[in-house]
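A.B. asks: Structure for this input, please:
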Amino acid sequence: MGWRIKNLTTTTAGAPHAVYQPTAWLFAQFTRHVVFQGYTSTTGGDGQLYELYCSDSDSWEVKNLVSEAGGARAATNANGYIWAHQGSQHVVYQGERFDGHVHELWYTEDDGWNSNDLTHAASAPLTLSQPYGYETYFDGHQRVVYQARGGGHVHELSNAGNGWHDLDLTAATGAPPCAPDAAPTGYSFEGQRTAHVLTRTELGHVIDFWADASGWHWDDLTAITRAPIAGDSETINGYVFRGEGTQHVNYVGGDGHVHELWWRASDGWHHNDLTTAGGAVPAYVTSSPAGYAFEAGLFQPVATQHVLFTGTDELVHELWYSQGQWHVNDIGSRLGAPRIVGHPVAFVEVDQGSQNVFYLSDAHEIIELRWTVS
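C.D. replies: Next up, the predicted model:
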């Protein structure tokens with residue numbers, strides 16, 4: 001039981017080198033998927049999005065998704081997610097030369113990989129930021145959020161199987177504009193049947209757009225909790241801990257500490273300084289932590305929480321919580337892992353008892369850090 005490291009670039013036949021941070025997700029039958037833009041020493045980013053994928057056999061394969069789907073070339077990185085309601089996988093990104101369009105590559109078992117221009121499909125404004133996609137399973141919607149060009153407005157493109165629709169969340173709620181370099185993210189709180197979109201203002205306040213049956217609303221989580229302001233990272237990330245009925249928002253403050261804003265039904269939002277609580281090293285103020293809950297299951301009798309972040313030593317570190325206490329694991333140095341560029345992405349496999357962390361190394365390679373029970 002424990003953590004181990006694998007270099008997916010050097011161990012996967014035909015895998016190219018990478019640039020920009022990857023995106024990763026878990027799909028049906030426990031298949032793991034990592035998507036990244038390719039890199040060459042002569043041209044830099046090649047505009048192609050490659051997928052590394054494997055089953056529980058831990059044998060990885062690679063394919064070029066842009067080529068297979070006939071999609072647009074990519075500007076930078078991408079974001080991937082699943083739409084369990086339809087049994088499909090989706091990758092969203094901004095097109096080459098920052099064309100402002102939200103492009104989508106999507107996969108079903110029957111049709112394989114296909115492409116779509118969501119900006120055109122929804123008659124939506126151009127994007128300034130990297131788009132981010134997620135699913136709200138309680139109502140069967142797939143959702144893609146981004147910052148539109150000009151004015152700092154956050155837009156959502158949504159589809160419930162009847163076509164794509166655009167909504168200006170900032171205008172709909174009267175929320176303040178987001179920072180010019182902010183890229184909104186989202187998550188679903190299935191237990192409360194709410195959708196959440198996170199961003200930050202130019203003053204560093206964390207904003208939560210949230211939707212229930214009555215429509216969209218917004219909260220200034222920094223003002224509510226009196227937490228330190230966020231640093232200069234593009235994204236603020238959130239997740240749900242089903243075992244305790246709580247939601248959690250993680251960010252790096254201007255003080256270099258990893259901060260958590262967390263909510264429970266009985267008393268609302270709270271703040272916790274995880275760096276102080278766990279005794280962790282400082283984080284890069286421009287990085288974005290990756291958090292998830294490891295819910296209780298066959299291989300994990302006690303539910304835990306995990307937050308992965310990039311330290312100022314350019315290594316991956318883990319903060320983890322169990323039974324009322326935060327701990328730190330300097331996972332990068334323990335494994336002799338290469339330095340990270342950007343920040344990690346991660347997910348958990350509860351049914352198989354594994355944690356999966358991926359990142360771009362300073363050698364343009366995709367690194368996997370994986371925890372298993374055996």
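A.B. asks: Only C-alpha atoms from now on, for both contacts and neighbour counts.
C.D. replies: Will do.
A.B. asks: Okay, now the unreliable bits of the stretch 251-374 of the chain?
C.D. replies: 374 (pLDDT under 70).
A.B. asks: now do 90
C.D. replies: 296-302, 323, 350-353, 373-374 (pLDDT under 90).
A.B. asks: Strands along that one, start to end?
C.D. replies: Assignment of strands within the stretch 251-374 of the chain using DSSP state E, counting those that start in this stretch yields the ranges 258-264, 268-273, 290-294, 304-310, 316-322, 325-329, 340-349, 354-361, 366-372.
A.B. asks: Relative to Gly191, which of those is closest?
C.D. replies: strand 258-264 (11.5 Å; C-alpha to C-alpha).
A.B. asks: what about Ala182, distance to Thr170?
C.D. replies: With distances taken as C-alpha to C-alpha, to the nearest Å, Ala182 is found 14 Å from Thr170.
A.B. asks: Would you list the phi and psi of the residue lying farthest from the centre of the chain?
C.D. replies: Relative to the C-alpha centroid of the chain, counting by C-alpha atoms, centre = their mean, Thr42 is the outermost residue, at 29.6 Å. The phi and psi torsions at Thr42 (degrees, to the nearest 10) take the values phi -90, psi -30.
A.B. asks: Tell me how far it lies from Gly279.
C.D. replies: 42 Å.
A.B. asks: do Tyr81 as well
C.D. replies: From Tyr81 to Gly279 the distance is 33 Å (C-alpha to C-alpha).
A.B. asks: So for these two, which residue has more residues nearby?
C.D. replies: Shown here are Tyr81 and Gly279; by other C-alpha atoms under 10 Å, Tyr81 has more neighbours (23 against 13).
A.B. asks: by contact count, what packs against the helix or strand encompassing that one?
C.D. replies: Under the criterion of DSSP states H and E, Tyr81 resides in strand 79-83. Based on contacts counted as 3 or more C-alpha pairs under 8 Å, 6 or more residues apart in numbering; DSSP states H and E, the elements that strand 79-83 packs against are strand 17-26, strand 88-94, strand 132-136.
A.B. asks: ranges for the helices of the protein?
C.D. replies: Per DSSP state H, the chain carries helices over the ranges 8-11, 65-69, 118-122, 169-173, 221-225, 274-278, 331-335.
A.B. asks: For Gly100, list the residues it contacts.
C.D. replies: Contacts here follow C-alpha atoms under 8 Å, 6 or more residues apart in numbering; on that basis Gly100 touches 94, 126-128.
A.B. asks: mind listing what's buried in the strand holding Tyr81?
C.D. replies: Along strand 79-83, these residues count as buried under the neighbour rule (16 or more other C-alpha atoms under 10 Å): 79-83.
A.B. asks: What residues sit buried inside stretch 93-103?
C.D. replies: Taking 16+ other C-alpha under 10 Å as the criterion, stretch 93-103 shows 93-96, 98, 100-103 as buried.
A.B. asks: repeat for stretch 149-158
C.D. replies: 152-158.
A.B. asks: likewise stretch 158-165?
C.D. replies: 158-160, 164-165.
A.B. asks: tell me the two of the residues you listed that are most distant?
C.D. replies: Ala160 and His165 (9.4 Å).
A.B. asks: one step back: quick one: which of the strands of the stretch 251-374 of the chain is nearest Gly2?
C.D. replies: strand 366-372 (5.1 Å).
A.B. asks: what's next to the closest one, contact-wise?
C.D. replies: Contacts for strand 366-372 (C-alpha under 8 Å, 6+ apart): 1-9, 17-18, 22, 353-361.
A.B. asks: So Ala179 is in contact with Val206, correct?
C.D. replies: No. Assessed by C-alpha atoms under 8 Å, Ala179 is found out of contact with Val206, at 10.4 Å.
A.B. asks: And these two? Which one has more around it.
C.D. replies: Val206 (26 against 20).
A.B. asks: Contacts only, for Val206.
C.D. replies: Val206 touches 198-200, 220-222, 229-230, 236, counting by C-alpha under 8 Å, 6+ apart.
A.B. asks: Looking at strand pairing, list the partners for His17.
C.D. replies: Tyr39 (DSSP bridges).
A.B. asks: what sits against it?
C.D. replies: 9, 38-40, 364-366 are the contacts of His17 under C-alpha under 8 Å, 6+ apart.
A.B. asks: Can you select the buried ones from the residues you listed in PyMOL?
C.D. replies: Remark: buried members of the contacts of His17, expressed as a PyMOL selection using 16+ other C-alpha under 10 Å:
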select buried, resi 9+38+39+364+365+366
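A.B. asks: and the residue nearest to Gly311 when sequence neighbours are not counted, what is it in contact with?
C.D. replies: Setting aside the residues directly before and after it, Gly311 is nearest to Ala283 in space (C-alpha to C-alpha, 6 or more residues apart in numbering), at 4.2 Å. Under the criterion of C-alpha under 8 Å, 6+ apart, the neighbours of Ala283 are 252, 256-258, 309-312.
A.B. asks: I'd like the residues you listed as CSV, with neighbour count appended.
C.D. replies: Formatted as CSV, these follow (neighbours: other C-alpha atoms under 10 Å):
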residue, neighbour count
Val252, 31
Gly256, 20
His257, 23
Val258, 32
Phe309, 28
Thr310, 29
Gly311, 24
Thr312, 14
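A.B. asks: which one of those residues sits closest to Val341?
C.D. replies: Thr310 (8.6 Å).
A.B. asks: Leu128 touches Ala148, doesn't it?
C.D. replies: Yes. Leu128 lies in contact with Ala148 (C-alpha under 8 Å); the separation is 5.3 Å.
A.B. asks: now Ser123: how far from Gly186?
C.D. replies: Ser123 is 21 Å from Gly186, by C-alpha to C-alpha.
A.B. asks: cool, and Arg143?
C.D. replies: 8 Å.
A.B. asks: More neighbours: the two, which one.
C.D. replies: Per other C-alpha under 10 Å, whichever of Arg143 and Gly186 has more neighbours is Gly186, with 26 against 23.
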